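K.L.:
Here is a sequence together with a model predicted from it:
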Amino acid sequence: MNTSASAPPLSVVILAAGEGKRMKSRLPKVLQPLAARPLLAHVIAAARALAPARIHIVHGHGGEQVRAVFTDPALNWVHQAEQLGTGHALQQAAPHIADGEVVLVLYGDVPLLRPATLARLVDIAAGGELALLTMRPGDPGGYGRIVRDATGKVARIVEQKDASSEELRIGECNTGVLAAPAGRLKSWLASLCNDNAQREYYLTDVIGLAVRSGVAVTPVQLADPIEALGVNDKIQLAELEAVLRRNAALELMRAGVTVADPLRLDVRGEVMHGQDVSLDVNVILEGRVVLGDRVRIGAGCIVRDSEIGDDTELFPYSVLDGAVVGAEARIGPFSRVRPTTRLADGVHIGNFVEVKNSTLGEESKANHLSYVGDAEVGARVNVGAGTIIANYDGANKHRTHIGAGAHTGSNSVLVAPITVGEGATIAAGSTVTREVPAGKLTIARARQVTLEGWQRPVKPKK
């Protein structure tokens, strides 16, 4: 993109007023999730990559829901009370745009456009021309066709419903995305009429108006039409999800990550990684994920907004959410590590163990069937199978402190707030409610009694 000081300011207009009836959802179409983000979020991110002076979003159906999701005050919201076509939608935004700017028109349900593609359009428009993004899809059905004159220049766009049989044979199609000098675009918008089958004001009619006014229309044809695919129903949403999934997997593999099956990896955010990282099948990476060297993630794991140190392994079907894990740790299988948890180097979290809002020191272990919540656990602590830290009294959360080298026996319960001293041992089956002294064995369980002559009750025969 032209970033010189002489380049005119850029205004991006995102048309996002459609109802999306084919989604059959109470959620507005532009809020439908793609890779764990609303469709509109992908479009806004692409627009922001161009460093525009302003982003205008034209909204209509479900507008309040959409605005509630996107609360950035830098976004300018423009209401389209009646949906009378794409040209009418852009007319609503026109008063907010200065004549000396360049306008780039995007769509809230076309989420895969790359900033590099859009920058080409903006550069052309900055030179005074109208830049039009076109494509040659395998099936042109439903798209407006690019009509060229005898010299091969773009003459106009004809919508499918208004096209002749000859025009329907044209393979080059309109994506709807264009860029133009603002002053000229606003004058063309003012000349639009709705003399067509749909009785709508088509933005595509701007192309013919530009040609008649002597302004060059420069087409930019996509190498891959997938980039301009829109979303109208849940089938198309799934198709785009598959495109993003494969693209993300290919990017990771090109960077050296071993991906067991690129069709069974979901990346829904940003992944930073070291060397020799390995991802098994059905792994989901969400938000911001940082993976150190030689990290191995097993089948079915979910990692969200977490950092994992060198040589750490996640065994299958484990969930990390908002956690920081050190080097050479072992997590899982079937473990859940919840937000604000920090696991030091060499920590082991085993099968069916849940850790929440806790820190575990170096080489500490909780290998089986345990819950560690709101706890500060020292180094080389062994949390026995079935240990529960009872951190919640029904109204408030309480902290537990476990000193280095302590051991909790199987099936023990630590009722917070409580402190367990360094090197302390809690006997199996104990429920401790007071401080556990350092270096000593603490037993807190009922005495075992056998009642002679006792008989189990017998159900009466029917």
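P.N.:
Done, it's in. Numbers count the residues shown, from 1 in each chain.
K.L.:
Leaving out the residues flanking it, which one is nearest to G298?
P.N.:
P316 (4.0 Å; CB to CB, 6 or more residues apart in numbering). (C-beta placed from N, C-alpha, C; glycine too.)
K.L.:
Now do the contacts for that neighbour.
P.N.:
280, 298-301, 332-334 (CB atoms under 8 Å, 6 or more residues apart in numbering).
K.L.:
In TSV, list the residues you listed along with secondary structure and distance to A93.
P.N.:
Formatted as TSV, these follow (DSSP: H, G, I helix; E, B strand; the rest coil; distance: CB to CB, whole Å):
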residue	secondary structure	distance to A93
D280	coil	47
G298	coil	49
A299	coil	48
G300	coil	46
C301	coil	44
G332	coil	51
P333	coil	53
F334	coil	51
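K.L.:
so which of these would you say is closest to R67?
P.N.:
Closest to R67 out of these is C301 (35.6 Å), distances taken as CB to CB.
K.L.:
Pull the number of nearby residues for the closest one.
P.N.:
C301 is flanked by 24 other residues according to other CB atoms under 10 Å.
K.L.:
quick one on the thing from earlier: quick one: the residue nearest to G298 and D276, what's the gap?
P.N.:
Distance, P316 to D276, using CB to CB, to the nearest Å: 20 Å.
K.L.:
Give the bridge partners for I308, please.
P.N.:
I308 has these beta-bridge partners by DSSP bridges: L291, V325.
K.L.:
Correct me if wrong: it contacts L320.
P.N.:
Yes - between I308 and L320 there is a contact under CB atoms under 8 Å: 7.4 Å.
K.L.:
List the contacts of the closest residue to A36 other than its chain neighbours.
P.N.:
Leaving out its chain neighbours, the residue that sits closest to A36 by CB to CB, 6+ apart is R268, at 3.7 Å. Going by CB under 8 Å, 6+ apart, R268 touches 35-37, 284-287.
K.L.:
And G128, by the same measure?
P.N.:
Counted by CB under 8 Å, 6+ apart, G128 has contacts 181, 215.
K.L.:
just for the stretch 201-350 of the chain, where's the confidence low?
P.N.:
Counting by pLDDT under 70, not a single residue of the stretch 201-350 of the chain qualifies.
K.L.:
Run a quick neighbour tally on P111.
P.N.:
29.
K.L.:
Surely it and H42 touch.
P.N.:
Yes - here P111 reaches H42: they are 3.5 Å apart, a contact under CB under 8 Å.
K.L.:
Mind listing the shared neighbours of these two?
P.N.:
L34.
K.L.:
shared neighbours of I308 and L320, anything?
P.N.:
L314.
K.L.:
Looks like A131 contacts T218 (just checking).
P.N.:
Yes - with contacts counted by CB under 8 Å, A131 reaches T218, the gap being 5.3 Å.
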